[in-house]
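# I would like the atomic coordinates for the input below:
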Amino acid sequence: MQIDWTRPNSGNDNQGCIVFIGNADSTFTNPVKGASYSANTVYTSGAYRCVYNGTGTSVTVTGLSGGTNYKIYVLEYNGVKGLSDENYNTTSPAIATQTTQSPRLTVTGTVTSFSTSY
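Okay, here's the model as predicted:
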């Protein structure tokens, strides 16, 4: 899934932004002030995961399940990434919900058995 966002004032007002993604049915917990989060663009199921931490405006996330609703949170922060002084804007994060496409199964010929994995 490609996630794109626009940073306020082209990012000149803040040092960076952080992106979390998780199952839309899960409860999102705001990031902790002063905590540094490591990003991993490969999503693993469960709670919300940090998939981006930097100054850019897009990220591609893999490892998502097909046919699933995901909620995405983008939060700006002041402070220097990695120095544990990040102050996250938890009052007005950008929030979006996106459903991934279900996997397509194409079968040709005679099927005697099959299995699927995601």
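
# Pairing-wise in the sheet, spell out the partners of residue 60.
residue 2 (DSSP bridges).

# same question, the one 10 residues further on
Going by DSSP bridges, residue 70 is paired in beta bridges with residue 23, residue 98.

# surely it meets residue 1?
Yes: applying Cβ atoms under 8 Å, one finds residue 70 in contact with residue 1, separated by 7.4 Å. Using the backbone N, CA and C atoms, a C-beta is placed for each residue, glycine as well.

# joint contacts of the two?
64, 98, 100 (Cβ atoms under 8 Å, 6 or more residues apart in numbering).

# Quick one: classify the residue nearest the centre of the chain as helix, strand or coil.
By Cα atoms, centre = their mean, the mean C-alpha position of the chain lies nearest to residue 21, the distance being 3.2 Å. Classification of residue 21 using DSSP: H, G, I helix; E, B strand; the rest coil returns strand.

# now it: how far from residue 3?
Noted for residue 21: a distance of 7 Å to residue 3, by Cβ to Cβ, to the nearest Å.

# circling back to that earlier point, which among the shared contacts of residue 70 and residue 1 count as buried?
residue 64 (16 or more other Cβ atoms under 10 Å).

# Tell me the one of the shared contacts of residue 70 and residue 1 nearest residue 56?
residue 98 (18.7 Å; Cβ to Cβ).

# quick one: contacts for that closest one?
1, 69-70, 72.

# Let's see that with 10 Å instead.
Residues in contact with residue 98 (Cβ atoms under 10 Å, 6 or more residues apart in numbering) are 1-3, 21, 24, 64, 68-72.

# Run the chain-centre distance for the lowest-mean-pLDDT helix or strand in the chain.
For the chain, using mean pLDDT, DSSP states H and E, the weakest element among its helices and strands is strand 87-88, scoring a mean of 88. With Cα atoms, centre = their mean, to the nearest Å as the basis, strand 87-88 stands 17 Å off its chain's centre.

# Adjacent strands (with direction) for that strand?
Here, using DSSP bridges, strand 87-88 pairs with strand 69-78 (antiparallel).
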